[in-house]
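> Here is a sequence together with a model predicted from it:
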Amino acid sequence: MQNKPGKLRKLLQNNRGLIVFAFLMVVFRGAIADWNVVPTGSMNPTIIEGDRILVNKLAYDVNLPFTTFSLLQLGNPGRGDIVVFESGKAGKRLVKRVVAVPGDVVLMRDNHLIINGEAAVYQPLGQRTPDNPDSAETLPAAAPVTVTESILEYSHPVQLLHRHRSPLQNFGPVTVPDDHYLMMGDNRDNSADSRVYGFVPRGEITGQAKRVLFSLDYNRYYLPRAERVLTPLL
């Protein structure tokens, strides 16, 4: 009768290629690229519930696989980047947008962002916007509206709640400390971000998301959303 160590050795020999492939995939997902499930709407309208986003883990660092320990720094996040980070204060992985970098002075008044003295410009997207009174006034209180926010060198859509007031809409002025970043969700009135957890340390950032890999529609029996496949994230 063949002993157990002999069976194990034979099993490893017969499946050497599969084992090497599995090991390389683990290293790939741990240090090079991965995909993350987005279960909430805190990044609407850019990222929606059910999206699986592709994360470039080499965007800023070469990390030890499955850790935030940087072996080599390749660059730093910039304003407007969508990043994935392991939040120590939230106790979980989060996906948010970099709104301000170290040294920036930031304040927000009634959901209007001001960075280093420059106020963001808000432009309507479609008909459901607070800048279009004919359409906006027909919306119920707290209805979501979408606008394009343009400030400094970047522009992207954000979602606001019409005729809604919350503590999240006002803060600052604050100065972003060295080696930290101010993060916010694009769904401004429904996002737990730096307004809740504070500045994000550089060491917690694990990668950048620039594209949706694929998406499942939770309201339609998890059917794939064909129009979301490989959608760029602006």
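Structure's in. What do you need? As the structure is a computational prediction, the values presented were derived from the model and not from experiment.

> show me what contacts Ser194?
By Cβ atoms under 8 Å, 6 or more residues apart in numbering, the residues touching Ser194 are 96, 99, 181-184, 200. Quick note: C-beta positions are derived from backbone N, CA and C, even for glycine.

> give me that answer again for 6 Å
When contacts are counted by Cβ atoms under 6 Å, 6 or more residues apart in numbering, Ser194 touches 182-183.

> just Ile32 next, same as before
57-58.

> and it, how far is that from Gly207?
10 Å (Cβ to Cβ, to the nearest Å).

> Tell me which residue lies nearest the centroid of this structure.
Val95 (2.7 Å; Cα atoms, centre = their mean).

> residues touching Leu107, list them.
Leu107 neighbours (Cβ under 6 Å, 6+ apart): 114, 172-173.

> out of the residues you listed, which are buried?
114, 172 (16 or more other Cβ atoms under 10 Å).

> taking the contacts of Leu107 one by one, which sit in strands?
Within the contacts of Leu107, residues falling in strands by DSSP state E are 114, 172-173.

> export those to TSV and tack on pLDDT?
Output for the ones in strands among the contacts of Leu107, formatted as TSV (pLDDT from 0 to 100):
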residue	pLDDT
Ile114	97
Gly172	92
Pro173	97
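
> Save the residues you listed as TSV, and put in distance to Met108 too.
Formatted as TSV, the ones in strands among the contacts of Leu107 follow (distance: Cβ to Cβ, whole Å):
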residue	distance to Met108
Ile114	7
Gly172	6
Pro173	9
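
> Quickly name whichever of those residues is closest to Glu149.
For those, the closest approach to Glu149 (Cβ to Cβ) belongs to Ile114, at 11.6 Å.

> which one is Pro144 nearest to, not counting chain neighbours?
Gln159 (5.3 Å; Cβ to Cβ, 6 or more residues apart in numbering).

> buried stuff in the helix or strand the one you found falls within?
Using DSSP states H and E, Gln159 sits within strand 154-161. By neighbour count on 16+ other Cβ under 10 Å, the buried set for strand 154-161 is 156, 158-161.

> Show which residues not belonging to it make contact with it.
For strand 154-161, the external contacting residues (Cβ under 6 Å, 6+ apart) are 44-45, 79-80, 111, 125, 142, 144-146, 148-149, 186-189, 234.

> Report the buried members of these.
By 16+ other Cβ under 10 Å, the contacts of strand 154-161 give 44, 79-80, 111, 125, 144-146, 148-149, 186-189 as buried.

> Reformat those residues into JSON lines and put distance to Ser87 next to each item.
Conversion of the buried ones among the contacts of strand 154-161 to JSON lines gives the following (distance: Cβ to Cβ, whole Å):
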{"residue": "Asn44", "distance to Ser87": "19"}
{"residue": "Arg79", "distance to Ser87": "19"}
{"residue": "Gly80", "distance to Ser87": "20"}
{"residue": "Asn111", "distance to Ser87": "23"}
{"residue": "Leu125", "distance to Ser87": "29"}
{"residue": "Pro144", "distance to Ser87": "25"}
{"residue": "Val145", "distance to Ser87": "28"}
{"residue": "Thr146", "distance to Ser87": "26"}
{"residue": "Thr148", "distance to Ser87": "27"}
{"residue": "Glu149", "distance to Ser87": "23"}
{"residue": "Asp186", "distance to Ser87": "17"}
{"residue": "Asn187", "distance to Ser87": "17"}
{"residue": "Arg188", "distance to Ser87": "18"}
{"residue": "Asp189", "distance to Ser87": "20"}
